[in-house]
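Peer 1: here is my input, please return the structure:
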Amino acid sequence: MKNNILISKFIKTIYSLPIVLIFIGSIFTSCGDKKKDSEENQEVEVAEVDVPAKVNELSQEEKDEGWKLLFDGKTTEGWRGYNKDSFPSQGWVVEDGAIKVQGTGSGEAGGPGDIIYDEQFKDFELTLEWKVSEGGNSGIFYLAQEIEGEPIYTSAPEMQILDNDKHPDARLGTDGNRQAGSLYDLIPAKPQNAKPVGEWNKISILVYRGTVVHNQNGENVVEYHLWTDKWKEMVKNSKFKDWENFLNAGGEDKQGFIGLQDHGDDVWFRNIKIKKL
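Peer 2: Numbers count the residues shown, from 1 in each chain. Okay, the predicted model is just below:
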């Protein structure tokens, strides 16, 4: 009888053993899956870490695409004063990897004047970053002609740079066409997405066979077409109506200089790059 009981217990143990093994196996499998999931999650997190872009440098991809650096972050090589043979001796400096125009507190009066890059461009894409001081004002000129005795803005369209919150120009003009990113005094930047004072704004200006696009902080905000009937009508009804060189921006060869404006306020520029199209 006793032997029968022992045999019965032994048989039950044998039959229950697979269940125990399956249970133990599931524990190890679950742990393995969790470890695998954890490792996969960890890999995703590492992959999503952003690597900061280098300032005032061209990546290998940009070099391969034909981009040219217009500012090395250390010197003013390639730049000079508008209608001048050299770079201004004061008022413009290189500071913390940026070209900076130093404010005078007197608006456009008494400053060092505008600067240009000493090469003319026709069809191109220009990119750069800018930031402005409180209440600051400046601009980026393109297709500018150098005309003795005339300021740069009489021949060149301008992408506006502005502290939209403090500078009165933001409330002047028509429909916000003097706010940051706009074709100054002609076409407002929409959407208006300029960043606050002290933060870097990234812009691009594309010019191709008369088509012009302003992009500000990743969004196209202005598009227009030079030398068309619509362009002529728009200029005719603006403050630029008597400026023949402005109407014919780019001149006979439809090319010109890139310029940075001195408007009497602290403004910084960096990562200035251009690609001919």
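Peer 1: right, and P196 touches L162 too?
Peer 2: No. P196 lies out of contact with L162 (CB atoms under 8 Å); the separation is 12.0 Å. C-beta: built from backbone N, CA, C; applies to glycine.
Peer 1: who has more neighbours out of the two?
Peer 2: Counted by other CB atoms under 10 Å, P196 and L162 do not tie: L162 has more neighbours, with 27 against 12.
Peer 1: what's the distance between the more buried one and G181?
Peer 2: Using CB to CB, to the nearest Å, we find L162 at a distance of 9 Å from G181.
Peer 1: overlap in contacts, the two.
Peer 2: A194 (CB atoms under 8 Å, 6 or more residues apart in numbering).
Peer 1: OK, contacts around the residue most central in space within the chain?
Peer 2: Nearest to the mean C-alpha position of the chain, by CA atoms, centre = their mean, lies K202 at 1.8 Å. Contacts for K202 (CB under 8 Å, 6+ apart) come out as T127, L128, E129, Q216, N217, G218, N271.
Peer 1: next, the third one: secondary structure please.
Peer 2: Think E129. Assigned with DSSP: H, G, I helix; E, B strand; the rest coil, E129 falls in the strand class.
Peer 1: run through the bridge partners of it.
Peer 2: Here E129 sits in beta bridges with K202, R270, going by DSSP bridges.
Peer 1: what's the neighbour count on it?
Peer 2: Neighbour count for E129, taken as other CB under 10 Å: 18.
Peer 1: tell me how far it lies from S106.
Peer 2: Applying CB to CB to E129 and S106 gives a distance of 26 Å.
Peer 1: the second one too?
Peer 2: When CB to CB is the yardstick, L128 and S106 sit 26 Å from each other.
Peer 1: what's the answer for the fifth one, then?
Peer 2: According to CB to CB, N217 stands 30 Å off from S106.
Peer 1: between the two, which one's more packed in?
Peer 2: For N217 and S106, the more surrounded residue by other CB under 10 Å is N217, and the numbers stand at 17 against 10.
Peer 1: from Y82, how far off is the more buried one?
Peer 2: 28 Å.
Peer 1: not counting its neighbours along the chain, what's nearest K241?
Peer 2: Ranked by CB to CB, 6 or more residues apart in numbering and with sequence neighbours excluded, the top spatial neighbour of K241 is V235, at 6.1 Å.
Peer 1: got a pLDDT number for that neighbour?
Peer 2: For V235, the pLDDT comes out at 97.
Peer 1: I'd assumed it was in a helix, is it?
Peer 2: Yes. Per three-state DSSP, V235 lies within a helix segment.
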